[in-house]
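**Student:** Fold the following and give me the result.
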Amino acid sequence: MPSFAAFLGHQPHISIAELSASIRDFSLQRVIQNRVLLFESSLPLDATNLRTLGGTVVIAKRISENDLTIEDVPALLLNEISGIHGKVTFSLRTLGLPPARIKSLYRECKESMRKKGRPSRYVGTERAPAASVLLHDAGLLDGSNGCEICVIADENTIWIGRTVAAQDIESYAKRDMKKPVRDTTTGLLPPKLAQILLNFGSWLARGKAVGESQLTVFDPFTGTGVIPMECLLRGWNVLASDTSQRAVTGTEKNLEWLRKENDIFKKDVWSTVWKQDARRPFVLKQRPDVIVTETTLGPSLEERASLKDVSKLKTENEKLQEDFLRNVVATLPGVPVVATWPVWYTSKGQVRLEKVWDRLHEIGFRLAIPAAVDLDITGRPTLVYRRPGQYVGREIVLLTPAKR
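**Tutor:** Below you'll find the predicted structure:
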């Protein structure tokens, strides 16, 4: 099978889990420096696939199965740009090479093209590869103006490929920062994390996420609608509710804005938003395939909370999470759940939910986790998402209905 390299995001354990959940015939080869994942798949992975993968920054496809060396890079580059007319733009993305060797490799590539009468320029330096936005703008992904070569050195192995997809940072920023309604008082769910949660939801609902058909997703803690927005972008129907009318109104405005910006028509992809407490019985005309939601994480903290304060927050959240899950079992039996639970960071370490965890099977759920995942805590198959400096993280919990 073709070999690929995924350059991972700042939460590599979650990125790996997402790839494992999303790619139908995913076969892990190895992880290098916790930054790059080498894997095999028969799928024709490209920019379309990466648009729905929140945890992967760049995907490259191996150029040749033959044994190659770094000295082969200039010739490989010449071959890859052979169909391009005029001045060529190229870039190098490397791992495991010292800066001096990267710098000389850029020069060798440029000199090799000069000898063939090919004018060229390169983007990126020995200190940092070209930013993903530049790869898009310079035409290096679609091959219109050039390409980027990836060189990964791992012990005695050299892996050489061509970048086939890179995250569209401008698109993320637009729908995160320019949507009509943002609520910073309740914490902001990043669009990339919403994509990851949806891919886990698709995995629970039907097996794998990439290249599959339409789903109906229910978000009962919708906030300002980040998860519903990502659903619409991939053509999935939306059910969304919240106990706050302000949140409901904000979600409706954001979805309408997204539809206009991206020509998403209601006849093709529908959405329904209403006011409801997630602990009250759900009465839905359309049954969802999966529930994907950022539950209540409690107040956003600007400093470490005391153990006393965390104990109170924990007790309140335990009750909410249990009531919500019991409601799902009672009124939407058989529907799997992807949810985030709060993780508090105190001077004594992490504090996680415990009572609802211990009662999951009695409530009617069992835990699931994609293959190839390193657990944060042995015996607790969940994933923790936390940015540096945050005092409240997210524990990603994947729940499937338990057999009775």
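**Student:** From now on I want contacts and neighbour counts done on CA atoms only, so please keep to that.
**Tutor:** OK.
**Student:** Do a quick rundown of the helices in the stretch 151-300 of the chain.
**Tutor:** Along the stretch 151-300 of the chain, the segments classed as helices by DSSP state H, counting those that start in this stretch run 169-177, 191-206, 226-233, 245-262.
**Student:** who are the neighbours of the third one, in terms of helices and strands?
**Tutor:** With contacts defined as 3 or more Cα pairs under 8 Å, 6 or more residues apart in numbering; DSSP states H and E, helix 226-233 has these neighbours: helix 191-206, strand 216-219, strand 237-242, helix 245-262.
**Student:** do you know which of these lies nearest L284?
**Tutor:** strand 237-242 (8.8 Å; Cα to Cα).
**Student:** How far off centre is stretch 240-251?
**Tutor:** Its chain's C-alpha centre and that of stretch 240-251 lie 24 Å apart, by Cα atoms, centre = their mean, to the nearest Å.
**Student:** Not counting sequence-adjacent ones, nearest residue to R279?
**Tutor:** Distances taken as Cα to Cα, 6 or more residues apart in numbering put F324 closest to R279, at 4.7 Å, once the chain neighbours are dropped.
**Student:** The one you found should be in a strand, yeah?
**Tutor:** No: under DSSP: H, G, I helix; E, B strand; the rest coil, F324 falls outside any strand and is assigned helix.
**Student:** okay, and the helix or strand of this structure with the least pLDDT?
**Tutor:** With mean pLDDT, DSSP states H and E as the measure, the helix or strand of the chain carrying the lowest mean pLDDT is helix 47-50 (a mean of 88).
**Student:** mind listing what's buried in that one?
**Tutor:** Neighbour-count burial for helix 47-50, counted by 16 or more other Cα atoms under 10 Å, picks out 47, 49-50.
**Student:** and A402, what are its phi and psi?
**Tutor:** With angles defined as degrees, to the nearest 10, A402 sits at phi -80, psi 140.
**Student:** so what's the residue lying closest to it once chain neighbours are set aside up against?
**Tutor:** The shortest distance from A402 to any non-neighbouring residue, by Cα to Cα, 6+ apart, is to F365 (4.5 Å). Residues in contact with F365, defined by Cα atoms under 8 Å, 6 or more residues apart in numbering, are 399-402.
**Student:** re the thing from before, closest to P388 out of the helices and strands packed on helix 226-233?
**Tutor:** Nearest to P388, of all the helices and strands packed on helix 226-233, is helix 191-206, at 15.4 Å by Cα to Cα.
**Student:** Now do the residue nearest the centre of the chain against Q29, distance only.
**Tutor:** Taking Cα atoms, centre = their mean as the criterion, G54 is the residue nearest the geometric centre of the chain, at 2.1 Å. The spacing between G54 and Q29, counted by Cα to Cα, to the nearest Å, is 21 Å.
**Student:** in what helix or strand does the nearest residue to K192 once chain neighbours are set aside lie?
**Tutor:** Once flanking residues are discounted, K192 sits nearest to G54: 4.1 Å by Cα to Cα, 6+ apart. With elements delineated by DSSP states H and E, G54 resides in a region that no helix or strand encompasses.
**Student:** got it, and F7?
**Tutor:** Secondary structure from DSSP H and E places F7 in strand 3-8.
**Student:** Pairing partners for that strand, with directions?
**Tutor:** Based on DSSP bridges, the strands next to strand 3-8 in the sheet, each with its direction, are strand 36-40 (antiparallel), strand 56-62 (antiparallel).
**Student:** what mean pLDDT would you report for it?
**Tutor:** The average pLDDT within strand 3-8 is 96.
**Student:** so what's the closest residue to V283 other than its chain neighbours up against?
**Tutor:** Spatial nearest neighbour of V283, chain neighbours left out: T331 (7.4 Å); criterion: Cα to Cα, 6+ apart. T331 sits next to 281-283 when contact means Cα under 8 Å, 6+ apart.
**Student:** any idea whether G393 is helix, strand or coil?
**Tutor:** G393 is classified as strand under three-state DSSP.
**Student:** what's the neighbour count on it?
**Tutor:** If you count neighbours by other Cα atoms under 10 Å, G393 ends up with 22.
**Student:** Hmm, it is touching V351, no?
**Tutor:** No: in this structure, G393 is not within contact of V351 by Cα atoms under 8 Å, at 10.0 Å.
**Student:** what's the overlap in contacts for those two?
**Tutor:** Between them, G393 and V351 share these contacting residues under Cα under 8 Å, 6+ apart: 343-345.
**Student:** ok, now which ones touch S144?
**Tutor:** With Cα under 8 Å, 6+ apart as the criterion, the residues that contact S144 are I84.
**Student:** Please repeat the previous calculation with a cut-off of 10 Å.
**Tutor:** Contact partners of S144, counting by Cα atoms under 10 Å, 6 or more residues apart in numbering, are 81, 83-85, 88-89, 138.
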